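J.: here is my input; please provide its structure:
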Amino acid sequence: MGRAPRTLPLFPEEDLPPPEALAEPGPGYPRPVVAPSPVAAPARPGPLWLAVQLPALADTAAAAARRQLERLAARLAAFSPRISLIEPDGLVMEIGASLRLFGGHDALREAIEARLAERTACLGPARLACAPTPLAATWLARAGGEDVLTLEALAGPLGALPVSVWRGSAASLALLRELGIRRLAEALRLPRDALARRCGVELVQALDRALGRQPDPRPAWIPRRGWRGTLELPAETERHAPLLEALAGLLDGLAEALRRRDAAVQRLRLELFHLARPATPVVLELLQPSRDAGHLQTLYARRLERQVLPAPVIALALSAPRLEHDVVPAAAGLFTPGTGTAACAGVPQLVERLRARLGVSAVHGLCLVPEHRPEAAWQPVSTPGQGVCDTPLPPVTARRPLWMLAEPVALESHGGHPVHQGRLSIEQGPERIETGWWDGRDVARDYYIARDRAGVRLWVYRERHGARRWWLHGVFG
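T.: Here you go, the predicted model:
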């Protein structure tokens, strides 16, 4: 009889007998395959939540408290991608995924405390606590408890907290006091059904969520799409330097917000406020999204040099109505080595600087148009590289000059030959262009490449009808 085939385990949990327990195969039979014992994968860090409580916000109006919490969440967004507001006086953030990035729990908590110290001076002291569940972290922070980093060690510190950390209804809390329940541990010792009948199912569910027995999904705080910052000047001014100094502070705040949100801006609006006069807007349109505060400062410096102020400025407001995400950072230099888009990455910044100094209408791009008439074969576009027509352009075998005159210039002629600072010598031609009858701007011309006495090559044409005059239309160089 043949040996029964050996079955390999489908899951690591299936046990195999040790190799020595297998009988030695007889002659002519292959040795049975023994699956190696599975290697234990490194344990992944579990979730860890940090709660921030600001007791001073409990007596603040709901709208004002919400604004303060949103500002605080924006400050802490650099430490966690998941933040939930707990109105009116706290928030909770998942930091388990950030521990390795910031060097562990202690280093991350110190960094968060330092960031809070910069902004919460006017809001009073903040209470922080960490726990494996968001509700447990919130309760620990409310009671001023210490951090608990593992789910197994959570029951003891959580049970020592007063029942008041659970913000249930006033009737439920009064009933717990009448029953002599002062700590959460005392509530946990009671039968679940009896506790639910007396105090409501909300307390039982809250205890289960705090201890990790039930999931506790939280609505994520989503930052606003735009950004706005304001600054009042210590004294009204019309001078360029104080305005730039004040604007630099607003741009630094914008750059920090963009860094936290991993975003960039393509349109900025600066408002210069005056006393008893309408604000003066200064809008900045970028060719590509940017988050470089230095570059934005340079552009606004050029714009403010040309801005005429109707009155002294008393305050500034900088706003970005829309933030751009998924932006690929461009190279810094105009003459970047290489080819393709990397070689021209600095062109948009150069165009933006020229527009800031000369005006938007003075600098524009060019777009080719499928048209035989030279004066209609291109059109200006606001953004270089945009507006290129998808229609195939007509094939052109003859050479065209890069320097086209805005309007053709009439030339004199002697004996039928064109004259421009002397008689021109014809080198190539004619190239006949006769089109445009459908829009009333029809042309009938014979184009030639000519050379003057100085050796400059010109693009000239002669009318095919009427006076048959000569015209200069372009210069080759």
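J.: quick one: mean pLDDT for stretch 187-200?
T.: The average pLDDT within stretch 187-200 is 84.
J.: mind listing what's buried in that stretch?
T.: For stretch 187-200, the neighbour count (16 or more other CB atoms under 10 Å) marks Ala187, Leu188, Leu190, Leu195, Cys199, Gly200 as buried. Yep, even glycine has a C-beta here, placed from its N, CA and C like the rest.
J.: list the residues that contact the first one.
T.: Contacts for Ala187 were tallied using CB atoms under 8 Å, 6 or more residues apart in numbering; they are Val163, Leu176, Ile181, Leu195, Leu203, Leu207.
J.: scan those and report the most crowded one.
T.: When neighbours are counted by other CB atoms under 10 Å, Leu203 leads the contacts of Ala187 with 24 neighbours.
J.: that one: which element?
T.: Leu203 belongs to helix 201-210 when elements are defined using DSSP states H and E.
J.: in the helix or strand that comes right after that helix, what's buried?
T.: Per DSSP H and E, the first helix or strand lying C-terminal to helix 201-210 is strand 227-237. Neighbour counts over strand 227-237 (16+ other CB under 10 Å) mark Trp227, Gly229, Leu233 as buried.
J.: would JSON lines of these with distance to Ala220 be doable?
T.: Below are the buried residues of strand 227-237 laid out as JSON lines (distance: CB to CB, whole Å):
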{"residue": "Trp227", "distance to Ala220": "19"}
{"residue": "Gly229", "distance to Ala220": "24"}
{"residue": "Leu233", "distance to Ala220": "38"}
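J.: which of the residues you listed lies closest to Arg167?
T.: Trp227 (33.0 Å; CB to CB).
J.: test my guess that that closest one contacts Glu324.
T.: No - look at Trp227 against Glu324 with CB atoms under 8 Å: they stay out of range, at 11.8 Å.
J.: could you list the low-pLDDT ranges of the stretch 101-250 of the chain?
T.: 119-123 (pLDDT under 70).
J.: on that earlier part again, out of the buried residues of stretch 187-200, what pair is the most spread apart?
T.: Among the buried residues of stretch 187-200, Leu188 and Gly200 lie farthest apart (CB to CB), at 15.8 Å.
J.: mind listing which of the buried residues of stretch 187-200 are in helices?
T.: Ala187, Leu188, Leu195, Cys199 (DSSP state H).
J.: circling back: could the buried residues of stretch 187-200 go into a markdown table alongside distance to Leu350?
T.: Shown next, in a markdown table, are the buried residues of stretch 187-200 (distance: CB to CB, whole Å):
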| residue | distance to Leu350 |
| --- | --- |
| Ala187 | 69 |
| Leu188 | 68 |
| Leu190 | 74 |
| Leu195 | 71 |
| Cys199 | 70 |
| Gly200 | 67 |
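J.: ok, so of those residues, who is nearest Gln53?
T.: Nearest member of those to Gln53, counting by CB to CB, is Ala187, at 21.4 Å.
J.: next helix or strand past the longest helix along the chain?
T.: For the chain, the helix with the greatest residue count under DSSP H is helix 240-261. From helix 240-261 onward toward the C-terminus, using DSSP H and E, the following helix or strand is strand 263-274.
J.: neighbouring contacts of that following strand?
T.: For strand 263-274, contacts defined as CB under 8 Å, 6+ apart pick out 227, 243, 247, 254, 258, 279-286, 288-291, 296, 300, 307, 309-325, 327.
J.: and those, which of them are in helices?
T.: Here DSSP H is the test, and the contacts of strand 263-274 give Leu243, Leu247, Leu254, Leu258, Leu296, Tyr300 as lying in helices.
J.: adding distance to Gly422 and neighbour count, write these out as a markdown table.
T.: Below are the ones in helices among the contacts of strand 263-274 laid out as a markdown table (distance: CB to CB, whole Å; neighbours: other CB atoms under 10 Å):
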| residue | distance to Gly422 | neighbour count |
| --- | --- | --- |
| Leu243 | 56 | 21 |
| Leu247 | 57 | 21 |
| Leu254 | 61 | 22 |
| Leu258 | 61 | 22 |
| Leu296 | 53 | 23 |
| Tyr300 | 52 | 23 |
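J.: in a markdown table: these, plus distance to Arg441.
T.: Formatted as a markdown table, the ones in helices among the contacts of strand 263-274 follow (distance: CB to CB, whole Å):
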| residue | distance to Arg441 |
| --- | --- |
| Leu243 | 49 |
| Leu247 | 48 |
| Leu254 | 49 |
| Leu258 | 49 |
| Leu296 | 44 |
| Tyr300 | 43 |
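J.: and which of these is nearest to Arg218?
T.: Nearest to Arg218 among the ones in helices among the contacts of strand 263-274, with distances taken as CB to CB, is Leu258, at 25.7 Å.
J.: tell me if I'm right that the closest one and Arg291 touch.
T.: Yes - look at Leu258 against Arg291 with CB under 8 Å: they come within range, at 4.2 Å.
J.: so what strands line up beside the lengthiest strand in the chain?
T.: If you go by DSSP state E, the chain has its longest strand at strand 277-290. Here strand 277-290 has these sheet partners by DSSP bridges: strand 263-274 (antiparallel).
J.: hmm, back to that, of all the contacts of Ala187, which comes closest to Phe102?
T.: The closest of the contacts of Ala187, once distances to Phe102 are taken by CB to CB, is Leu207, at 31.4 Å.
J.: excluding its backbone neighbours, what's nearest the closest one?
T.: Nearest residue to Leu207 in three dimensions, chain neighbours excluded: Leu188, at 6.4 Å (CB to CB, 6 or more residues apart in numbering).
J.: that neighbour: what's it in contact with?
T.: Ala155, Gly159, Leu207.
J.: can you show me the CA trace of stretch 64-75 as PDB?
T.: The C-alpha trace of stretch 64-75 is given here as PDB (Å, rounded to 0.1, in the frame of the first residue of the first chain):
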ATOM      1  CA  ALA A  64     -16.600  80.600  20.500                       C
ATOM      2  CA  ALA A  65     -15.600  77.300  22.100                       C
ATOM      3  CA  ARG A  66     -15.900  75.600  18.700                       C
ATOM      4  CA  ARG A  67     -13.700  78.200  17.100                       C
ATOM      5  CA  GLN A  68     -11.100  77.700  19.800                       C
ATOM      6  CA  LEU A  69     -11.100  73.900  19.500                       C
ATOM      7  CA  GLU A  70     -10.800  74.200  15.700                       C
ATOM      8  CA  ARG A  71      -7.800  76.500  16.100                       C
ATOM      9  CA  LEU A  72      -6.300  74.100  18.600                       C
ATOM     10  CA  ALA A  73      -6.900  71.100  16.300                       C
ATOM     11  CA  ALA A  74      -5.200  72.900  13.400                       C
ATOM     12  CA  ARG A  75      -2.200  73.500  15.600                       C
END
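J.: how about that stretch: buried residues?
T.: Quick answer for stretch 64-75 (16+ other CB under 10 Å): Ala65, Gln68, Leu69, Glu70, Leu72, Ala73, Ala74, Arg75.
J.: coming back round to it: let's see the helix holding Leu203 as CSV, backbone CA atoms only.
T.: Taking Å, rounded to 0.1, in the frame of the first residue of the first chain, the C-alpha atoms of helix 201-210 are listed here in CSV:
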residue,chain,number,x,y,z
VAL,A,201,-28.1,51.8,28.8
GLU,A,202,-26.0,54.8,28.0
LEU,A,203,-23.7,54.3,31.0
VAL,A,204,-23.2,50.6,30.3
GLN,A,205,-22.4,51.3,26.7
ALA,A,206,-20.0,54.1,27.7
LEU,A,207,-18.1,51.7,30.1
ASP,A,208,-17.8,49.1,27.3
ARG,A,209,-16.4,51.7,24.9
ALA,A,210,-14.0,53.0,27.4
